[in-house]
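Quick one: sequence and predicted model below, then my questions.
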Amino acid sequence: LLLSFFIISTVFSCIESKSESNPKSDAETVEAEIFPHKMPTEKPDFPMSAATERMFSYPAPRVQDNELFSQFKYTRLKGFDYNDGDGTISRRDPSRPILVAGKYYIYYTKRDTKVPPIGWNRAKEATDEVPSTDWDLCDIWYATSEDGTTWKEEGVAVARPEKPNAGWRSVATPDILVWKGKYYLYYQAFDEPSGLRGDWCPVSVSYADSPDGPWVHGGDSVIPFGKKGEWDQDATHDPHPIVYNGKIYLYYKAAYNKWPDIRDKYAVGHGLAIAEDPLGPFEKHPLNPVMASGHETTYFPFKEGVAALAIKDGNERETMQYAKDGVNFEIASVVSLTPTAAAPFAADAFTDTSDGRGVTWGLCHFTNAGSPKKGYSSMARFDCDLSLDLDEPSYK
Ligand code: AAL
């Protein structure tokens, strides 16, 4: 490590001495003496190693110091019971919290089954009472909080409809949109036990005049599947809307070849579907997928563009990304111990801002994947510093 630091320092001082020509002010001289090895902002024109050259493709020389770098602190939530972790109760994939009349609201997948899930690879054995995966046989519940840590579970928001309506097998993984004084929940609607042919499901929407409901069914297959052979032909997951450029930007994920037999060709992409009305029609962006890494979706307004967190899957796993136009994302920083299914509180997610302020906390989930017999998830809070409004960086 010391050796590589020495080599990098030498390269930088060499770069600097080659690019130096203007006389320095006193302050610059002092700074240059204390910090002699400053990274030049322009790429110099002489031979460099691949690693040194690559440093000029990052938006900032030191990704740890830029605004889209953070560490993450986790806190156990109060107010939720999990039957002593026997796997029969699960809460996962929370929506982003919204603040209404002094109370935060979240919506999430809840499973309350007689037995824990048996696993996607045994999906054929799933019954009306035996779930295949953690998100099989679920309903969408909601909870409120005054501080984001202690929650009160209020009840069901959207229940599984009667067979054969879309989502009769399970409704899961919701997220929320606030638009013109109304509330819209987008969620995955399963018509078969997850794992049977993959994790196949489209997205449905319900809406309400109040965050407490009642929720009215507003449509199914809101984001149309791609044609056969396309990356999102069988699944649209993790719907995640923000308001941007006066429209609804609905980001979503498709995991193709996820299960069961072509796992070596598994890949994940995120798409963008845009609409002028929350009930659609949603038009897919021609450059989809707009993100080729990341498991669940996490997008929020940042400056004039959109920031995203890519976790878990893909070549760019564990990165924060930024797109000035909400479409063409670039790596902004590399992060670790990232929140799974992150749902940050973004006060300006739905205000159509062109000056997004970022986020400092949100919810996520942890999964007890150790034993398939006890597979369940619980929600947690994370705190971070991905905001432009903090005076003192707290988790850099
Ligand atoms: C999650 C999400 C979606 C998937 C499953 C439940 O991590 O990506 O919601 O369908 O796993």
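That came through fine.

Parallel or antiparallel, which strands does whichever strand or helix holds residue 157 pair with?
In this structure, residue 157 sits in strand 151-158 according to DSSP states H and E. If you go by DSSP bridges, strand 151-158 pairs up with strand 138-145 (antiparallel).

Pull out the buried residues from the strand holding residue 157.
Across strand 151-158, burial judged by 16 or more other C-beta atoms under 10 Å covers 151, 157, 158. For glycine as for every other residue, the C-beta is placed from the backbone atoms N, C-alpha and C.

residues near residue 323, how many?
Close neighbours of residue 323, defined as other C-beta atoms under 10 Å, add up to 19.

what pairs with it across the strands?
For residue 323, the beta-bridge partners are residue 306 (DSSP bridges).

and if you look at residue 241?
Beta-bridge partners for residue 241, by DSSP bridges, are residue 250.

ok, it touching residue 249?
Yes: at 6.8 Å, residue 241 counts as touching residue 249 under the criterion of C-beta atoms under 8 Å.

if you count what's nearby, which of those two comes out ahead?
Between residue 241 and residue 249, residue 241 has the larger neighbour count (other C-beta under 10 Å), namely 27 against 21.

for that one, what are its contacts?
Residue 241 is in contact with 175, 176, 177, 184, 186, 248, 249, 250, 251, 278, counting by C-beta atoms under 8 Å, 6 or more residues apart in numbering.

What residue in the stretch 251-396 of the chain comes nearest to the ligand?
Proximity of the stretch 251-396 of the chain to the ligand (C-beta to the nearest ligand atom) peaks at residue 296, 4.8 Å away.

quick one, what contacts the spatially closest residue to that residue that is not a sequence neighbour?
Among residues not flanking residue 296 along the chain, residue 341 sits closest, at 4.3 Å (C-beta to C-beta, 6 or more residues apart in numbering). Applying C-beta under 8 Å, 6+ apart to residue 341 gives the contacts 92, 93, 94, 173, 238, 295, 296, 364, 365.

Serialize the residues you listed to CSV and add fields for secondary structure and neighbour count.
Below are the contacts of residue 341 laid out as CSV (DSSP: H, G, I helix; E, B strand; the rest coil; neighbours: other C-beta atoms under 10 Å):
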residue, secondary structure, neighbour count
92, strand, 24
93, coil, 30
94, coil, 27
173, strand, 30
238, strand, 26
295, coil, 21
296, coil, 26
364, strand, 24
365, strand, 23
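
from those, which is closest to residue 256?
In terms of C-beta to C-beta, no member of those lies closer to residue 256 than residue 295, at 13.2 Å.

Skip the chain neighbours and tell me the closest residue to whichever residue of the stretch 151-300 of the chain sits closest to the ligand.
Taking C-beta to the nearest ligand atom as the measure, the point where the stretch 151-300 of the chain comes nearest the ligand is residue 173, at 3.7 Å. Closest residue to residue 173 apart from its sequence neighbours, by C-beta to C-beta, 6+ apart: residue 93 at 4.2 Å.

Tell me how far that neighbour lies from the ligand.
5 Å (C-beta to the nearest ligand atom, to the nearest Å).

That residue contacts residue 170, doesn't it?
No: using C-beta under 8 Å as the test, residue 93 is too far from residue 170 to be in contact (11.8 Å).

what's the overlap in contacts for these two?
residue 135.

Identify the residues contacting residue 139.
The contact partners of residue 139, taken as C-beta under 8 Å, 6+ apart, are 110, 156, 158, 159, 160, 171.

and those as JSON lines, adding pLDDT and distance to the ligand?
What follows is the contacts of residue 139, written out as JSON lines (pLDDT from 0 to 100; distance: C-beta to the nearest ligand atom, whole Å):
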{"residue": "110", "pLDDT": "98", "distance to the ligand": "13"}
{"residue": "156", "pLDDT": "98", "distance to the ligand": "18"}
{"residue": "158", "pLDDT": "98", "distance to the ligand": "15"}
{"residue": "159", "pLDDT": "98", "distance to the ligand": "18"}
{"residue": "160", "pLDDT": "98", "distance to the ligand": "15"}
{"residue": "171", "pLDDT": "98", "distance to the ligand": "11"}
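
and which of those is nearest to residue 45?
residue 171 (57.7 Å).

Double-check the closest one against residue 189; I have them as touching.
Yes: if you go by C-beta under 8 Å, residue 171 and residue 189 touch, sitting 5.7 Å apart.

What does the pLDDT read for residue 36?
Listed pLDDT for residue 36 reads 60.

ah, wrong one, I meant residue 391
The model's pLDDT for residue 391 equals 78.

Show me which residues of this structure sit near the ligand.
93, 135, 172, 173, 188, 199, 237, 238, 253, 295, 296, 341 (C-beta under 6 Å from any ligand atom).

Give me the packing partners of the host helix or strand of the fifth one, helices and strands only.
Under the criterion DSSP H and E, the helix or strand holding residue 188 is strand 182-190. Strand 182-190 sits against strand 151-158, strand 170-179, strand 203-208, strand 237-244, with contacts defined as 3 or more C-beta pairs under 8 Å, 6 or more residues apart in numbering; DSSP states H and E.
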